[in-house]
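Participant: Sequence and predicted structure below; questions after.
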Amino acid sequence: MSSSAAVLCVLLPAAAAAFGMVVGRSRSWARDWAVAGTAGALVAAVVELVGVLRDGPVHSVRFLGTLDTGVTVLDLDLRADTLSATVAVAVALVAACVQIYSSAYLDGEGTPEAPTRYRPYAATVSMFTAAMMVVVHADDLLLLVIGWEVMGLSSYLLVGHHSERPAARAAAVKAFLVTRVGDLGVMLALVVLLTGAGTTSVSGLVELAERGELGGGTVTLAALLLLAGVAGKSAQFPLHTWLPDAMEGPSPVSALIHAATMVAAGVYLVARLLPVFLAAEVALRVAACIAAVTMLGAALAAVAQDDFKRLLAYSTISQVAYMLAGVAVATDAAGAGPGVFHLLSHATWKAMLFLIAGCLAHLVGGSTLMADYSGLRRARPWLAGLLGVGLASLAGIPPLGGFWSKEAVLSAAEHAALHGGGWTAWTVLVAGLVTSLLTGLYAGRAWAVIAGGDPDLGIARTDRDPHPDTGGHGHHLPAAMSVPLVLLAIPSVLVGLVLLDPPEVLAEVEISPVTALIGTLLSLAGIGWALNAPRRGFLDVADALPERQRAFLRDGYRLDDVQDALVVRPVRRLAARVAAADRDVVDGAVRGTVVLTRWGGVRLRRAQTGLATGYLVWVFAGAALVGLAGVVLS
Amino acid sequence: MNAELLDGLGWLLPVIVGVPLATAVLLLTWRTLSDRAAALVGAVVATAVAVGAVLAALAAAPFDPAGYGLEVDGSWIPALGVRFHLGLDGISVPLVLLTALLALLVCWHLVRSDAAPARRGLTACVLAVEGGAMGTFTALDLILFFVAFETVLVPMWFVIANWGDDTQPERSTASGATLPGGPEARRDAANRFILFTALGSAVMLLGLLLVALRTGTTDLVELTERSGAGMSTGVQVVAAVLIVLGLAVKAPMWPLHTWLPPAHTIAPTGGSVLLAGVLLKMGTYGLARLALPVLPDGMREIAPVLGALGVAGILWGGLACLAERDLKRLVAFSSVAHMGFVLLGIASMTPQGLQGALFANIAHGLITGVLFLVAGAVKDRYHTTDLVLLGSGLRDRLPRLGWLLAFGAVAGLGLPGLAGFWGEILAVVGSWRGEDALAGLARPLAVLATVGTVIAAAYLLRVLFLLWHGPRLLPGTHATTTEVDATGSEVAVVMPLVLATLALGLLPWLLLDVTGPAVRVLLSGGVLS
């Protein structure tokens, strides 16, 4: 049962993508396929979960056949276990919500200058869902890489969805190229594993690693290389620069791809191959350091954002770093639980927050600035309530989902720090606790700016005066947009209940009371700090920062400039040089032979004087030379 | 299909070689035939040849164990011991099918392109190229191989010189000299093509003769079985250098590639498709079929150089693409980069590398075919392929053509799940473990080749950034042109290539299972291990 469900998880959205794009012309046809495909995937994922809980995991579900590389033979198979099934349920749930939401969010046909492009949009979201399902279920890294890169392609297409906007198309290229740089690591890791271990099968590698039969050099190199891909996909320092820009994509896309699923795929890969990473201690230590730096840095940058979506983007980077940290401090093969738990819980409330961001932008006619939303609590109490649930969960306030999963990560770090995890575990623990404070601060700040304040200056202004861009319905939220929020709010609140009877993958999740208490108090302090700002004269706690520092943080430490100076411009210059050299040097040499041949022809032509005496001289000279040669050589 | 039905179909091989050539002669001499009728005749013949090629492939199956599933061996020039020996095995089958498919599509494309002048001659040239290529891919005799190899040159020269684009703008070099445009550029491109390849062929012929004189046979099957026996390493190195040089011009290998961008840019759409999909493959096929098994020791000596030049091509071609303004030239330079992976795979002398090289060969033929057909369709509409002048927002202006362009670009950057990926990754795997042949260069070359895949992503996304994305912006000079999206027949010509790219990307074993056994035999000296 679970094996066919796993195959269907991939095939249903894939079929939806193909049929929605290629067959039929009408918008409703595209919508029906899109919603049916992802809803079907959700049913399949639930069936798969029930199946693996009842009958145990299934390895090697035949999928794309067998690959003969000349020496080794690889099976491009799927697998189904509690890890894949739980993540698949989360992916399909968010995808289904996003497809329903998008059918209203991308309403109408738009203008000739800025068409809605709903059909390709819906098909690409379906394609993305299929690709993510491949990643989740792949039992072979080559198959996983197919899903991995098709996700990247979908992300490129969807970030650049509003391709008439220069910022959107630039962000799309950046998203693809930065992750592709990380994927160099994945490609080379595949090469190293194929050569050193003779297989890229997930089951095979895990088995080899658990038996200690993977060579030390191979496993360390492969794990470090994979980590580069993880950093790219999961937007971890220093390859995180694409994610804030990716917010140019439509909000439901940010919810699905750039918050709930794709960016978590890197962490998923580490969790999936945890035994391999455990055999390469260095790689896990590097991962822990990356995670610690990223969670702190991104949270600090989030505090200074004025754009709600960019704030959420930095928050995503920071939260994904928590997940990575949770996996990186694992000490045994079952230690992926805390990280995966945070992945699942983050998927629900972060997707909800992004969908709320979409609603807010919809209400005010496109703006994503937080200041434009002020007064939400009085203007839209229920939307403000959902926002509050999402932000509180993000900050880790009990008993919401974010509390359980974040404290699980911190508890795992504490456990590792106290039981021989070394300085990296301590680093993660301290960074995690400080990040708690910062998370509380920026979540509280978002609440203060959006929910508080005067509605007449923000959200209510456009209620009275609908923005022309939204076709005059700026003040109305259709059911297709509000129902998904509720669908996601329920698991955001209740996900902690999973710990009452955890599936196998979450079996080792524990909450340590002391760490949980410290973490919660710190985030409450952060929230309190932010909410208290009005008493000190600011509505926005970030106003307390000096403008220069605030701009520096808002621009993400200006790392884009560094990237530009170190990579982009040198490569452009090199390309220009190469193009010139190809024309002037390589081809210049070829043209040179033409000149040389002509010159030689002209010169030799002079020997052809037409005078018999002249030729006779040559004949005698030749004879003398031959004679001389004969004497010398004999 | 019933196996007995397919027995004794050896006669198909001379048919798929001879029929296109004979038709070409017929078309050239039948002066009263109208252009449209000639194109139709060509298309029908190409279809028949494709059916024949598929039948021959089926008859040659199964490809495991390796061997020539289909073979004809007749006397030809007894005085020299040269035989008319054709055969079909796992290495030639994919290329024969690719040639048949591309020739078929190009011929049907000609039927529909009413604007092209003198289509009778063009169709004849296309069929002559097809016949010559079929001969090259099935020949099992050195001299026969050479003759077939040369047969392709002259018709291709006519295609470029007669039907090429004579409206290219002038270009200036950094040193101040001006490269010609217009009809002179066309003549230059055609002459460059013929001079480069004829010179290469002359060098290759010397190598082939050296092998024939030292071993006393020109039969490839026998030479493969001998695996270099009877030739000292020194002789093998000399022969290998000569043969590789000749074939590398065609591949093309950096720095012998400068004939390719002008030839591709100026040739008509069908000519570019055949150049990229068929002619370049003849070079790399020759390396796999002739050089590797016949001269293993010689190849091992020169493998590091071959691999290094292949990787140089990957990086050089990619970087040149990043700065290129003309869509067709860009696709041409990307061919240099893609064929670099093929050369690297061959130079690794490992089964994975060779599997990758043969896969990348086919994938490049399909994907570049898509890109050239799209570029040709763009050129038909706007009479330019300058990325800056073409305007932007193709996805909104011409959605179907836009999506085909996007597909080609995405396939070209080696996206896993499409055909381009498998060849590249296997070539890199081969290089990584090819320490026997590549020595200390094995791993650095593998890493640098991987970097090439990022550059590929950069230049192809740049094309999409400029042309596909962006606001609706018509080309400045043709602002009033009514735009026509890809027509049904244009889509029908590209679709088989798109579907094949997708099929090979998702089910790579379709091709790997065909070439696998033969590759193992090639590398083990003709003996089944």
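Facilitator: Perfect, thanks for sending it. Numbering: from 1, shown residues only, chains lettered A, B, ... in the order given.
Participant: Look up phi and psi at the residue in the stretch 251-400 of chain A positioned nearest to chain B.
Facilitator: The minimum distance from the stretch 251-400 of chain A to chain B, using C-beta to the nearest C-beta, falls at residue A:265 (14.0 Å). For glycine as for every other residue, the C-beta is placed from the backbone atoms N, C-alpha and C. Dihedral pair for residue A:265: phi -60, psi -30, per degrees, to the nearest 10.
Participant: need the contact list for residue 371.
Facilitator: In the absence of a named chain, chain A is used. Taking C-beta atoms under 8 Å, 6 or more residues apart in numbering or on different chains as the criterion, residue A:371 is in contact with A:306, A:449, A:458.
Participant: Correction: the question concerned chain B.
Facilitator: The contact partners of residue B:371, by C-beta under 8 Å, 6+ apart, come to B:331, B:334, B:405, B:408, B:409, B:412.
Participant: ok, which of these also contact chain A?
Facilitator: Here nothing survives when those are matched to chain A using C-beta under 8 Å from any C-beta of the partner chain.
Participant: possible to save these as JSON lines with neighbour count and distance to residue B:305?
Facilitator: Below are the contacts of residue B:371 laid out as JSON lines (neighbours: other C-beta atoms under 10 Å in any protein chain shown; distance: C-beta to C-beta, whole Å):
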{"residue": "B:331", "neighbour count": "29", "distance to residue B:305": "27"}
{"residue": "B:334", "neighbour count": "28", "distance to residue B:305": "23"}
{"residue": "B:405", "neighbour count": "26", "distance to residue B:305": "37"}
{"residue": "B:408", "neighbour count": "28", "distance to residue B:305": "32"}
{"residue": "B:409", "neighbour count": "26", "distance to residue B:305": "32"}
{"residue": "B:412", "neighbour count": "28", "distance to residue B:305": "27"}
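Participant: just checking, which of those belong to strands?
Facilitator: Among these, DSSP state E puts none in strands.
Participant: and which of those is nearest to residue A:634?
Facilitator: residue B:334 (59.4 Å; C-beta to C-beta).
Participant: if we can go back for a sec, what is the nearest of the contacts of residue B:371 to chain A?
Facilitator: Scanning those for proximity to chain A, where the rule is C-beta to the nearest C-beta, the winner is residue B:409, at 10.6 Å.
Participant: roughly how far apart are that closest one and residue B:293?
Facilitator: With distances taken as C-beta to C-beta, to the nearest Å, residue B:409 is found 36 Å from residue B:293.
Participant: same deal with residue A:140?
Facilitator: 32 Å.
Participant: Ok, residue A:553 next?
Facilitator: From residue A:553 to residue B:293 the distance is 63 Å (C-beta to C-beta).
Participant: show me the contacts for residue 268.
Facilitator: Let's take chain A. With C-beta under 8 Å, 6+ apart, residue A:268 has these contacts: A:87, A:135, A:136, A:340, A:343.
Participant: Wait, chain B was what I had in mind.
Facilitator: Residue B:268 neighbours (C-beta under 8 Å, 6+ apart): B:116, B:122, B:159, B:163, B:164, B:165, B:376.
Participant: Test my guess that the last one contacts residue B:269.
Facilitator: Yes: with contacts counted by C-beta atoms under 8 Å, residue B:376 reaches residue B:269, the gap being 2.9 Å.
Participant: Turn the contacts of residue A:268 into a markdown table, including secondary structure, pLDDT and distance to residue A:384.
Facilitator: What follows is these, written out as a markdown table (DSSP: H, G, I helix; E, B strand; the rest coil; pLDDT from 0 to 100; distance: C-beta to C-beta, whole Å):
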| residue | secondary structure | pLDDT | distance to residue A:384 |
| --- | --- | --- | --- |
| A:87 | helix | 93 | 31 |
| A:135 | helix | 94 | 36 |
| A:136 | helix | 94 | 34 |
| A:340 | helix | 92 | 31 |
| A:343 | helix | 93 | 27 |
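Participant: Without its sequence neighbours, what residue ends up closest to residue 185?
Facilitator: Using chain A here. Excluding the flanking residues, the one nearest residue A:185 by C-beta to C-beta, 6 or more residues apart in numbering or on different chains is residue A:228, at 2.8 Å.
Participant: Sorry, I should have been clearer: chain B.
Facilitator: Going by C-beta to C-beta, 6+ apart, residue B:185 has residue B:168 as its nearest residue, at 4.4 Å.
Participant: so which strand or helix has residue 437?
Facilitator: In the absence of a named chain, this looks at chain A. helix A:422-451 (DSSP states H and E).
Participant: try again with chain B
Facilitator: Going by DSSP H and E, residue B:437 is in helix B:435-438.
Participant: Other residues contacting that helix?
Facilitator: With C-beta under 8 Å, 6+ apart, helix B:435-438 has contacts from B:299, B:300, B:303, B:304, B:307, B:347, B:348, B:349, B:350, B:431, B:442, B:445.
Participant: what about 6 Å?
Facilitator: Applying C-beta atoms under 6 Å, 6 or more residues apart in numbering or on different chains, the external contacts of helix B:435-438 come out as B:300, B:303, B:304, B:307, B:349, B:442.
Participant: quick one: low-confidence ranges for the stretch 51-200 of chain B?
Facilitator: For the stretch 51-200 of chain B, the stretches flagged by pLDDT under 70 are B:115, B:173-177.
Participant: Same question for chain B.
Facilitator: Residues of chain B that meet the cut-off, pLDDT under 70, sit at B:1-7, B:115, B:173-177, B:476-482, B:525-529.
Participant: which bits of it sit near chain A?
Facilitator: By the rule C-beta under 6 Å from any C-beta of the partner chain, the part of chain B lying against chain A is B:173-175, B:255, B:258, B:316, B:319-320, B:322-323, B:351-352, B:355, B:415-417, B:428-429, B:432-433, B:450, B:454, B:457-458, B:461, B:465, B:469, B:471, B:507-509, B:512-513, B:516, B:519.
Participant: which of these are buried?
Facilitator: Buried members of the residues of chain B next to chain A, scored by 16 or more other C-beta atoms under 10 Å in any protein chain shown, are B:255, B:258, B:316, B:319-320, B:322-323, B:351-352, B:355, B:415-417, B:428-429, B:432-433, B:450, B:454, B:457-458, B:461, B:465, B:469, B:508-509, B:512-513, B:516, B:519.
Participant: Is it correct that residue A:171 is in contact with residue A:249?
Facilitator: No: using C-beta atoms under 6 Å as the test, residue A:171 is too far from residue A:249 to be in contact (7.7 Å).
Participant: Who has more neighbours out of the two?
Facilitator: Each of residue A:171 and residue A:249 has its neighbours counted (other C-beta atoms under 10 Å in any protein chain shown); residue A:249 has more, 27 against 22.
Participant: For that one, give its distance to residue B:207.
Facilitator: 56 Å.
Participant: Do a quick rundown of the helices in the stretch 401-529 of chain B.
Facilitator: Using DSSP state H, counting those that start in this stretch, the helices assigned to the stretch 401-529 of chain B run over residues B:419-432, B:435-438, B:442-463, B:488-506, B:509-523.
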